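**Q** All I have is the shape, not the residue letters:
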């Protein structure tokens, strides 16, 4: 007799807390002149970050997918699927934001290409080393995301027409923050690879990102405005400020017992899921509901 029992449904990203959300962000026809605290230097830093996300996230996905066949745990396989889908959507939405920045007159293609070139250098290392580098960069984005969501500073300083895109991206970075490292543990983490990841990423992606920011500052003529440069640097890297807080938390990655989940952000994630996607969430109406199979 033929067994007609239905096969159990394969777990998806949404089943393990990493749902890919198809959103329809309503970007304005024209961005505000200086979208971060009305400061040109800080705004161009934000534009540089947005520019480098698409090539960066493509690298992240490829480095993780390279080891997908080694993952046998069904839950982790579902997390990898959710991670991949979220990152693809992030790239798409940042491409849209980057187009708006270009319309604003910012040549964000320069930092994007600079970081893409830097990542090609990283691709010359072994697949294991690339995964270690991705784990480091995912740690950076998770810390960045926690700072964005955990402080009202970002919401106060960034104009509302683009703030919600960053808040959604930050939430999803926290939702999948451990996936890369969990895959790395499947193949066996190596302290030397993790230690090498720091200078490798700094010498490639770090240098390219700073070059891209500098290019935008020169191209926009901000280098001739020392007061704006000083204030923008203070807003980003001054004592107690945004990027200073993020960078001071990076060294924990090299601790022998590091794991992203040792820093618990579940309550923060749930808080922002409700703010953004709850019954009265600010992005609930922009969430594209997947059509049911068989519907017209």
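**A** Perfect, thanks for sending it. Quantities reported herein were computed from a predicted structural model and do not represent experimental measurements.
**Q** Going by C-alpha atoms from here, please, whenever you check contacts or count neighbours.
**A** Fine.
**Q** pLDDT on the strand or helix carrying residue 268, on average?
**A** Element membership for residue 268 (DSSP states H and E) is helix 266-277. Mean per-residue pLDDT for helix 266-277: 98.
**Q** residues making contact with it?
**A** Applying C-alpha atoms under 8 Å, 6 or more residues apart in numbering, the contact partners of helix 266-277 are 149, 150, 168, 171, 174, 175, 281, 282, 283, 284.
**Q** what does stretch 32-46 give?
**A** With contact meaning C-alpha under 8 Å, 6+ apart, stretch 32-46 is reached by 104, 156-159, 213, 216-217, 222, 228-229, 231-233, 235-236.
**Q** Redo the contacts of helix 266-277 as a markdown table? Include pLDDT, distance to residue 193 and secondary structure.
**A** Shown next, in a markdown table, are these (pLDDT from 0 to 100; distance: C-alpha to C-alpha, whole Å; DSSP: H, G, I helix; E, B strand; the rest coil):
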| residue | pLDDT | distance to residue 193 | secondary structure |
| --- | --- | --- | --- |
| 149 | 98 | 30 | helix |
| 150 | 96 | 31 | helix |
| 168 | 97 | 31 | helix |
| 171 | 99 | 28 | helix |
| 174 | 99 | 24 | helix |
| 175 | 99 | 25 | helix |
| 281 | 94 | 42 | coil |
| 282 | 92 | 42 | coil |
| 283 | 94 | 40 | coil |
| 284 | 93 | 41 | helix |
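**Q** which one of those has the most neighbours?
**A** Neighbour counts for the contacts of helix 266-277, by other C-alpha atoms under 10 Å, peak at residue 174, which reaches 26 neighbours.
**Q** Let me see the contact set for that residue.
**A** 142, 145, 146, 265, 269.
**Q** I'd assumed residue 148 was in contact with residue 167.
**A** Yes. At 7.2 Å, residue 167 counts as touching residue 148 under the criterion of C-alpha atoms under 8 Å.
**Q** quick one on the thing from earlier: nearest to residue 132, of the contacts of residue 174?
**A** Proximity of the contacts of residue 174 to residue 132 (C-alpha to C-alpha) peaks at residue 142, which lies at 15.2 Å.
**Q** Return the distance of the helix or strand the closest one falls within from the chain's centre.
**A** In the assignment (DSSP H and E), residue 142 maps to helix 127-150. Mean-position distance between helix 127-150 and its chain equals 8 Å (C-alpha atoms, centre = their mean, to the nearest Å).
**Q** Report how many residues lie close to residue 191.
**A** Applying other C-alpha under 10 Å, we find 14 residues neighbouring residue 191.
**Q** per-residue confidence for the closest residue to it other than its chain neighbours?
**A** Spatially, and ignoring its direct neighbours in sequence, residue 191 is nearest to residue 256 (6.9 Å; C-alpha to C-alpha, 6 or more residues apart in numbering). Per-residue pLDDT puts residue 256 at 96.
**Q** So residue 256 lies in a strand, does it not?
**A** No. Secondary structure assignment (DSSP: H, G, I helix; E, B strand; the rest coil) places residue 256 in coil, not in a strand.
**Q** Correct me if wrong: it contacts residue 192.
**A** No. With contact defined as C-alpha under 8 Å, residue 256 does not count as touching residue 192 (10.4 Å).
**Q** So residue 57 versus residue 115, what's the distance?
**A** Between residue 57 and residue 115 the distance is 11 Å, computed by C-alpha to C-alpha, to the nearest Å.
**Q** Not counting its own residues, what contacts stretch 183-190?
**A** By C-alpha under 8 Å, 6+ apart, the surrounding residues in contact with stretch 183-190 are 64, 67, 68, 70, 71, 76, 131, 132, 135.
**Q** Spell out the residue ranges of the helices in the protein.
**A** 40-65, 74-103, 109-122, 127-150, 153-157, 160-175, 179-187, 191-201, 207-219, 226-237, 242-248, 266-277 (DSSP state H).
**Q** among these, which gets the worst mean confidence?
**A** helix 153-157 has the lowest average pLDDT among those, namely a mean of 91.
**Q** What residues sit buried inside that one?
**A** Going by neighbour count (16 or more other C-alpha atoms under 10 Å), the buried part of helix 153-157 is 154, 155.
**Q** ok, now stretch 135-153?
**A** Buried residues in stretch 135-153 (16+ other C-alpha under 10 Å): 135-149.
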